[in-house]
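>>> Everything below, folded, please.
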Amino acid sequence: MESSKAFWVVSVPNLKNKEDTFNTLKMKVEDDQQAAKSWKFAIPDLKVGTLDTLMSLSDELIKIDTIVEQITRKIANQFLDIVESQEKGSSNSPSTNANVTKDQGLTVNSNSVDQYITFFKWEEAKFPSNQPLKTLCEQIHAAVVKIDEELKGKAAEYNNVVHSLSAEERKIGGNLMLRDLSDIVKQQHVVETEYLETLFVVVPKYTSKQFLMGYEKFTEFVLPRSAELIEEDSEYQLYRVVLFKKVAEDFKNIAKEKKFTVREYKFDPNKSAKADKKKLQDEKERLRTNLIRWCKLNFAEVFVAWIHLKAIRTFVESVLRYGLPINFQATILLPNKGKQKNLRRVLAELYRSLSSKAVYSKDTGEDEEGDSYFPYVFLEINADLRNKAIY
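Numbers count the residues shown, from 1 in each chain. Down below sits the predicted model:
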């Protein structure tokens, strides 16, 4: 899945037949130069229509190809983000059946990404070759965009729970200024009657004596000696204070002036921060499991569509370049490490006669003007779905 492989698609006209064309290329790039591995790119004879239609479709195909590639990468990255996050947090997370490693990652029709590309076979049932090419492309585009919309919804739902869980963890693990009080305050700390109310005051440790000496005088009707230390951390102490309800707001204002913080908290015996966290953890695991399964299933769907689009593009460009009747051979090449420039030179020399003008220099086999014109049809399929920049 995480190969850094950029496959090349090269299409050239047949001089004799497809077999001879492929064997000649294979012998040159593999046996003679050891510059690449090669496989046939089996494209059926698709429905051509008119050349005007093909020219119009050629431009549209570039846009659709880019969109489908972006969505393919988005699904792959969503899957890998979840898996990597799970692997990092596995030692602290509860054990579930959702554990998935990258080694159990994304596949296409039970094959690896590389295997699917190199042994590509046109799926007639999904993409009937007798349909107009424009219809096929529109169907692929619509289906993939629909999957993208579904991904956005599922990812948003998952991320919302992740953020809620993080917020809950901060409340539980933070200091007393932020910490959820539901697992700290107990029933015995609370006095609540028709006239009396309990407030919870966070006091910096270095001012605790000042607070204890003065809180009864913040306002009238504070119960003497009602301050009780409930909890403390490295910076703060949490006290409960009992007073008459009618002076509660006055007490809060005076406390604020004196740099003490009255926490806005209403005791609820049925509420527990730890229980809330557990519910969010369970929901996160459920959504994560579902999203992993969804990514694996729909990645295969979108990747298949993407490679079929590459086949359609190769077909359209070949017909436009070489004309009718259909007579070309498409090949998948995988350049050997460090051999890309050498492979480009080999192809330039092998197919120099296809160029109608002197576009290549003898030394490099590259366009003298620096653009991407080659005398053969050329496309790229980058299988590094994690790191390739979207273009």
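>>> Show me the beta-bridge partners of residue 239.
residue 201, residue 229 (DSSP bridges).
>>> Next, work out how far apart residue 246 and residue 220 are.
To residue 220, residue 246 is 9 Å away according to C-beta to C-beta, to the nearest Å. (Each C-beta comes from the backbone N, C-alpha and C, glycine too.)
>>> Using the three-state scheme, assign residue 353.
For residue 353, the assignment made with DSSP: H, G, I helix; E, B strand; the rest coil gives helix.
>>> Model confidence score at it, please.
For residue 353, the pLDDT comes out at 88.
>>> pLDDT of stretch 135-150, averaged?
The pLDDT scores in stretch 135-150 average 97.
>>> Run through the strands of the protein in chain order.
Ranges of strands in the chain, per DSSP state E, are 6-13, 36-40, 196-204, 228-232, 236-244, 261-263, 328-335, 377-382.
>>> Can you tell me what sits against the fifth one?
Judged by C-beta atoms under 8 Å, 6 or more residues apart in numbering, the contacts made with strand 236-244 from elsewhere in the structure are 175-177, 181, 184-185, 189-191, 195-205, 208, 211, 215, 219, 221-223, 226-232, 251, 263.
>>> Quick one: buried ones out of those?
In these, burial by neighbour count holds for 176, 181, 185, 189, 197-204, 208, 211, 215, 219, 222, 226-227, 230-231, 251, counting by 16 or more other C-beta atoms under 10 Å.
>>> and the strands of the chain as CSV, adding distance to residue 154 and mean pLDDT?
Output for the strands of the chain, formatted as CSV (distance: least, C-beta to C-beta, whole Å; pLDDT from 0 to 100):
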stretch, distance to residue 154, mean pLDDT
strand 6-13, 30, 95
strand 36-40, 35, 95
strand 196-204, 40, 96
strand 228-232, 40, 94
strand 236-244, 41, 96
strand 261-263, 37, 94
strand 328-335, 33, 96
strand 377-382, 26, 95
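>>> Find the residue ranges of the stretch 251-391 of the chain scoring beneath the pLDDT cut-off.
Across the stretch 251-391 of the chain, residues meeting the criterion (pLDDT under 70) sit at 272-273, 356-372, 387-391.
>>> okay, now residue 225: neighbour count?
When neighbours are defined as other C-beta atoms under 10 Å, residue 225 has 9 of them.
>>> What separation is there between it and residue 109?
In terms of C-beta to C-beta, residue 225 sits 76 Å off from residue 109.
>>> who's in contact with residue 246?
Neighbouring residues of residue 246 by C-beta under 8 Å, 6+ apart: 195, 221.
>>> Compute the distance between it and residue 254, please.
15 Å.
>>> can you check residue 260 too?
Distance from residue 260 to residue 254, by C-beta to C-beta: 9 Å.
>>> These two: who's more crowded?
Higher neighbour count among residue 260 and residue 254: residue 260, with 23 against 17, using other C-beta under 10 Å.
>>> Surely the more buried one is in contact with residue 200?
No - counting by C-beta atoms under 8 Å, residue 260 stays clear of residue 200, with 10.9 Å between them.
>>> how many neighbours does residue 341 have?
Residue 341 has 13 nearby residues by other C-beta under 10 Å.
>>> How about the one 5 residues further on?
Neighbour count of residue 346, defined by other C-beta under 10 Å: 19.
>>> surely it meets residue 35?
Yes - with contacts counted by C-beta under 8 Å, residue 346 reaches residue 35, the gap being 5.7 Å.
>>> Touching both of those two, which residues are there?
residue 29.
>>> Look up how far residue 207 lies from the nearest residue to residue 242 once chain neighbours are set aside.
In this structure, residue 242 finds its nearest non-sequential neighbour in residue 226, 3.9 Å apart by C-beta to C-beta, 6 or more residues apart in numbering. Here residue 226 is placed at a distance of 19 Å from residue 207 (C-beta to C-beta).
>>> now do residue 43
Distance, residue 43 to residue 207, by C-beta to C-beta: 79 Å.
>>> Pull up the gap between residue 183 and residue 231, please.
10 Å.
>>> swap in residue 153?
Distance from residue 153 to residue 231, by C-beta to C-beta: 41 Å.
>>> May I see the strands of the chain organised as a markdown table, with distance to residue 304 added?
Shown next, in a markdown table, are those (distance: least, C-beta to C-beta, whole Å):
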| stretch | distance to residue 304 |
| --- | --- |
| strand 6-13 | 15 |
| strand 36-40 | 17 |
| strand 196-204 | 58 |
| strand 228-232 | 58 |
| strand 236-244 | 58 |
| strand 261-263 | 56 |
| strand 328-335 | 16 |
| strand 377-382 | 13 |
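>>> what about the ones you listed, which gets the closest to residue 276?
strand 261-263 (17.3 Å; C-beta to C-beta).
>>> name the helices or strands packed onto the closest one?
Applying 3 or more C-beta pairs under 8 Å, 6 or more residues apart in numbering; DSSP states H and E, one finds that strand 261-263 makes contact with strand 196-204, helix 248-257.
>>> Mind giving me the packing neighbours of the first one?
In terms of contacts (3+ C-beta pairs under 8 Å, 6+ apart), strand 196-204 is packed against strand 236-244, helix 248-257, strand 261-263.
>>> what do you get for the last one?
Using 3+ C-beta pairs under 8 Å, 6+ apart as the contact criterion, the secondary-structure elements in contact with helix 248-257 are strand 196-204, strand 261-263.
>>> between those strands, which gets nearest to residue 59?
strand 261-263 (62.9 Å).
>>> do you know how far the most centrally placed residue in the chain is from residue 322?
Centroid-nearest residue in the chain: residue 78, 2.5 Å away (criterion: C-alpha atoms, centre = their mean). Look at residue 78 and residue 322: by C-beta to C-beta, they are 40 Å apart.
>>> Okay, now the unreliable bits of the stretch 51-200 of the chain?
87-104.
>>> The same query, at a cut-off of 90, please.
Scanning the stretch 51-200 of the chain for pLDDT under 90 picks out the ranges 51-53, 84-105, 164-187.
>>> and stretch 10-28, which residues are buried?
Neighbour-count burial for stretch 10-28 flags 10, 11, 12, 13, 21, 22, 25, 26, 28 (criterion: 16+ other C-beta under 10 Å).
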